[in-house]
Structure formats: structure tokens, C-alpha cells
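> Sequence first, then the predicted structure:
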Amino acid sequence: MLKRISCLGYFGYRNTGDEAILSVLVDQMDKIGLRDKLVVFSGDVESTKRFHAVDAVQNILPTSTSKFTVGILGRNRSNFVKSLRTYLKSDMLIIGGGGLFFDYPHTNEYVQQLLDKIRWGKRLGKKVVLLGVGVGPIHRHDTATALRSTLDKADLICVRDNKSQQLLLETGLSESAIHVTEDFAFLLKPVSEERIEYILRKEELSKSYNTPLIGIGLCGRHAQDDWFRAAMVKFCDHVIQTLGARICFIPMQTGGGFDDRLDVRLIHEAINRKEMVTLVEHEYGPKEILSIISKMDFVIGERFHAALFAATSGVPVIGISYMPKVKRLFHKIGQDDWCLDRDGLTGPKLIKVFDSLWETGSKVSADLRRLVPPLVDQSHLNFELFQQYLEKSQLL
């Protein structure tokens, strides 16, 4: 019987996608009867406890002797000791979900730290389960080697797409060890109609304006690039002028050193009719952000989960691919033509694709409502496989 389960991911950094993943994970653990055994390693313990009603400790596990020394002797040592004790007393580590296994050409420090935690767990005799994780991009040979040697010892591996499976197979892992499932966020449910109507009024996005609502979910820091900012400004000016549309910039991350709200203001400042633009400034949970996106008539999604939320809501969406996961999503929902590369993006290019998609919006919505349900089933598969593993291993 399991006594304690540690959950490791990118939680507590006010990233809507990762908080959506955690929300679904907690709900599913509740259905299995394991919610009270779950402890989340979080960048913001109180926020995680408050929003997800789950136990949490600070995400400060050491990954080297020097970091252990700093932790045990530093000013934050009480939290450090609590986190370390939680990890050591856990019977199981759940890794995920989300895109956790990636590197850069110049560094793989982040993924190596995560793999270190998995390696320690196995050495200490813990069960290690990966659920709904994304893999890639992988640039470095030492990353691939570390993935193979570490994940080969995992007890269950569920990846959220075929490309993630392919990348793990290329490292040398066995195909039989890797299950292809889907991102947890396909299982996220919106808030009540009363709550979303209140939010729309609060953000001055009421449908009483009787104008098209176009939601935009960007990686805010990309607005610092002049060429990208110019492309978005040109697009916004176009849809405001031709459709009388109202633009809504929806932040998908507001913590962890990234705040989408800050840099999109640079775009707002350059738009001709600023009164037709809403910058969502209040902080909302993932279910509320999903609900806001569901009320849009169209979405531009650079952030992966902004595009995913649009798709699950049947809202026509153009993707801007800044990482492979965005293109993978659009391939799965049968909308490859509607995903543009961030590199080389221009205003005219975005406008051309938008104008074409706007004309066929009702068909695209129908296609999405047909293509998304199988992905929802694939998302459920994470937890079906997990429960089967628990029963087979007599851990329930």
C-alpha cells in the first residue's frame, strides 16, 4: 500500500497549462482514492494548496552536494528539510505531466536535474511513474544518454504524443515500455456559466458588444522582438478595421519569472484603436482561462495550452509554433495548415491565413468537435494505465 506520493513537475509558477495539468491530476487521483496521499513539489506552496486543495512542499530538492550544503545551512533550511523529508518518505514519484524532458544546444541543466531526482528515487527503492509527459526537443547526445539510462528504470512511462515516443525510442528505450497517451489538459472542465459571465463582465468582454472576440495567447517575452511585435500589431489593426473585432490578450503565465501581461503591453501601445483591445490583467485559474477562451470567436495561440483550450472548445485557432509541441498539437487535431512558424512570421502572412480560416470557421469548429473527443479518450488512458499498474503491483 502506498503511503505517500510525490508529484514533480512545473507547478506553482502560475503557468496556466501546468496548473491545468495539476488540476486534472489531482481530480483523477481523487477518483482513484489517492488524493490524500499526494504531495506536490511547488514553486508557490500556499498557492498550490489554496487552488488545488492538495498538500504541497517547496520545490527545492538538491541536485548536487553543494546545493545540499546550501539548503541545509541556508536561511530557508526549515522548508528545505521538509521538502527533503517528504521526498525520502515517499513510496512513489509521479513525474508530469507536461513538456518536462527537453534541452537546449548550449545546456541541459534543467532536464539533468529532473533525471537526478528520478535516479535517486530508484536507488532508494521508490516507484517512478511518468504520466502525460512531453519529450523534446533533444539537441545533445549526453541528454539522450541520460534519458535512456534513467527512464529505463521507470515503472510506467506514458508520453503525450507519438513524437515523444519516437525520441525516447531513438535513445534506445524499448517500445514496449512506452505508452502513447495525451496531455492531461484535454480533461479540464470549464467553470460554471455564471462564473464565466461574471469574468467577461469584469474584463469588459461581454457579448453585448455584438462584435467578434479574438483571443490571443502569446509567450509575452516574444513581444520584445521588434519584428514579431510588428506582425501582431499589423494583424490586430487588420481585424479591428475589417471586422470591427475586439482583441483580448489572454496571459497564460504570470509567474516563475515570466509574465505575459508585461510585454504584450508593447503590442497594445502600437495598435491604432486601443479602445478595441482588452488586456486581461486579473489572475485566473486554469478552468477560468479555459472558460474565457471558450467564449472567443477565434484564437491565435502561441502558448501550447492556449491553442489546446481553443481546440477543446471548438474555437477556430491559428497556432504560432515556437516549439515542436505546438506543431504536434495541430497535426493531431487535423489542422496542420493553420499552424505557422514563429520564425519568419509577418503581418501579411498571419492575415492571409486568418482571412482564409475566418471564412470556413463553422466547418473548422465542426471538425474540431469531431477530432478532439478521441484525444480526450487518449488523455483518460494515462489514468487507466496508472490504475492497472497499481492493481497489478498490489499498491492500492
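Here it is on my side, so go on. Predicted, not measured: the structure shown is a model, and the values here were computed from it.

> which helices and strands does the helix or strand hosting L368 pack with?
Element membership for L368 (DSSP states H and E) is helix 361-392. With contacts taken as 3 or more Cβ pairs under 8 Å, 6 or more residues apart in numbering; DSSP states H and E, helix 361-392 sits against helix 16-32, strand 127-135, strand 156-159, strand 178-180, helix 304-312. C-betas here are computed from N, CA, C, even on glycine.

> rerun at 7 Å
In terms of contacts (3 or more Cβ pairs under 7 Å, 6 or more residues apart in numbering; DSSP states H and E), helix 361-392 is packed against strand 127-135, strand 156-159, helix 304-312.

> Export these as JSON lines, with columns for distance to T360.
JSON lines is the format used below for the helices and strands packed on helix 361-392 (distance: least, Cβ to Cβ, whole Å):
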{"stretch": "strand 127-135", "distance to T360": "30"}
{"stretch": "strand 156-159", "distance to T360": "32"}
{"stretch": "helix 304-312", "distance to T360": "15"}
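
> if you go through the stretch 1-150 of the chain in chain order, where are the strands?
Secondary structure of the stretch 1-150 of the chain by DSSP state E, counting those that start in this stretch: the strands cover 5-8, 38-42, 55-58, 92-95, 98-101, 127-135.

> Quick check: which of those strands is nearest to G255?
Closest of the strands of the stretch 1-150 of the chain to G255 is strand 38-42, at 11.0 Å (criterion: Cβ to Cβ).

> report the angle between the axes of the closest one and helix 16-32?
170 degrees (axes from the mean of the first three to the mean of the last three Cα atoms, to 10 degrees).

> Can you tell me which of the strands of the stretch 1-150 of the chain is nearest to A20?
Across the strands of the stretch 1-150 of the chain, A20 has its closest neighbour in strand 98-101 (9.3 Å, Cβ to Cβ).

> which neighbours does the closest one have in its sheet, and in what orientation?
strand 127-135 (parallel) (DSSP bridges).

> And the strand it pairs with, how far out from the chain middle?
With Cα atoms, centre = their mean, to the nearest Å as the basis, strand 127-135 stands 14 Å off its chain's centre.

> Mind checking what secondary structure T278 has?
Classification of T278 by DSSP: H, G, I helix; E, B strand; the rest coil places it in strand.

> got a list of what the nearest residue to it once chain neighbours are set aside touches?
Closest residue in space to T278, ignoring its immediate chain neighbours: C248 at 4.7 Å, by Cβ to Cβ, 6 or more residues apart in numbering. Residues near C248 by Cβ atoms under 7 Å, 6 or more residues apart in numbering: 205, 213-216, 278, 280, 296.

> And for F354?
235, 318.

> and it, what helix or strand is that in?
Per DSSP H and E: helix 347-359 holds F354.

> Same question for that helix: list its buried residues.
Of the residues in helix 347-359, those buried under the neighbour-count criterion (16 or more other Cβ atoms under 10 Å) are 347, 350-351, 353-354, 357-358.

> Sort out which one of the residues you listed lies nearest R201 for me.
Among the buried residues of helix 347-359, W358 lies closest to R201 (Cβ to Cβ), at 26.3 Å.

> roughly how far apart are that closest one and G136?
32 Å (Cβ to Cβ, to the nearest Å).
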